[in-house]
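>>> only geometry, no sequence info:
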């Protein structure tokens with residue numbers, strides 16, 4: 001629909017390109033957010049989003065503009081992902097994963113011995129009913145939802161993704177990106193394949209370990225850094241070029257309708273980034289093949305390129 005949703009420390013903001021609406025927690029209203037402090041937003045189906053807050057997880061309808069359900073036991077959930085059908089997996093405590101079954105409309109807690117909340121670096125869906133949990137030790141554990149009416153969730157194996165300890169990881173457009181603790185940046189096109197080296201970020205020192213997000217944009221990979229800059233790497237790999245260094249960047253998102261990136265910063269709002277030259281230039285009256293002596297109050301070009 002063209003709306004953008006921003007999670008802040010002061011509620012959920014909806015922007016249509018002109019105006020902003022803000023949705024906040026309201027006392028004695030169970031159809032409002034669990035808290036105004038929002039830590040993450042992920043899809044929850046075609047018309048819903050999960051809003052993870054400091055006090056619980058809320059399912060918000062982008063059509064009805066209201067909360068349909070909240071789960072106060074899931075606080076500050078960062079590791080959460082949904083599939084195209086609206087099923088969701090999250091990690092909120094040790095030795096368990098919690099799975100939301102869209103058909104049943106409820107979460108179920110699934111034992112997952114060995115999973116440690118503090119060691120999980122990424123959760124993603126690789127297909128309907130298929131979820132993966134990557135830990136710092138480089139192993140990814142897979143969980144699957146049965147495709148029958150039972151909705152049972154089972155562990156479906158473990159795969160070594162990285163030989164080196166993982167600092168952070170990001171799943172974007174079907175590709176898994178990994179930053180190891182030596183600041184070496186890799187991509188994995190398919191779990192089980194060998195990682196492909198892309199760039200050495202150690203040239204930035206400790207700042208090279210502060211990657212907060214990854215986006216494929218144009219012919220490059222753009223990396224946002226908590227340390228305060230935006231980096232760019234050729235999609236085939238190479239040196240990371242610093243292209244902006246003004247603010248700490250908490251998140252990065254590619255616009256699905258325009259060739260721009262959105263950058264969420266630490267206390268300075270949201271910035272729009274474009275990697276193309278500005279496609280505008282001035283036209284002087286003296287450059288036109290006609291003489292205009294009176295003030296111009298309107299300009300129009302038709303489909304044939306004629307200027308009026």
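Perfect, I can see it now. Since the structure is predicted, the reported quantities are computational estimates derived from the model, not experimental observations.

>>> From residue 210, how far off is the residue most central in space within the chain?
Closest residue to the average C-alpha location of the chain: residue 253 at 5.7 Å, with C-alpha atoms, centre = their mean. Going from residue 253 to residue 210 by C-beta to C-beta, to the nearest Å gives 18 Å. Just so you know, the C-beta spots here come from the backbone N, C-alpha and C atoms, and that holds for glycine as well.

>>> before we move on, back to that, residues contacting the residue nearest to the centre of the chain?
213, 215, 261, 262, 264 (C-beta atoms under 8 Å, 6 or more residues apart in numbering).

>>> In the stretch 201-308 of the chain, where is pLDDT below threshold?
Across the stretch 201-308 of the chain, the ranges flagged by pLDDT under 70 are 277-283, 285.

>>> ok, now with 90
Along the stretch 201-308 of the chain, segments meeting pLDDT under 90 span 218, 244-247, 255-259, 266-269, 272, 274-308.

>>> circling back: my read is the residue nearest to the centre of the chain is in a strand, agree?
Yes - judged by DSSP: H, G, I helix; E, B strand; the rest coil, residue 253 forms part of a strand.

>>> partners of it in the sheet?
residue 262 (DSSP bridges).

>>> Residue 57 and residue 79 touch, don't they?
No - assessed by C-beta atoms under 8 Å, residue 57 is found out of contact with residue 79, at 11.9 Å.

>>> quick one, which of those two is more surrounded?
residue 57 (28 against 20; other C-beta atoms under 10 Å).

>>> Not counting sequence-adjacent ones, nearest residue to that one?
Once flanking residues are discounted, residue 57 sits nearest to residue 74: 4.1 Å by C-beta to C-beta, 6 or more residues apart in numbering.

>>> Is the one you found part of a helix or strand, or is it coil?
Taking three-state DSSP, the label given to residue 74 is coil.

>>> pLDDT at it, what is it?
What the model reports for residue 74 is a pLDDT of 97.

>>> Also residue 1?
65.

>>> How about residue 26?
95.

>>> Near it, how many other residues are there?
12.

>>> Would you confirm that it contacts residue 36?
No - Residue 26 is beyond contact range of residue 36, at 10.0 Å (criterion: C-beta under 8 Å).
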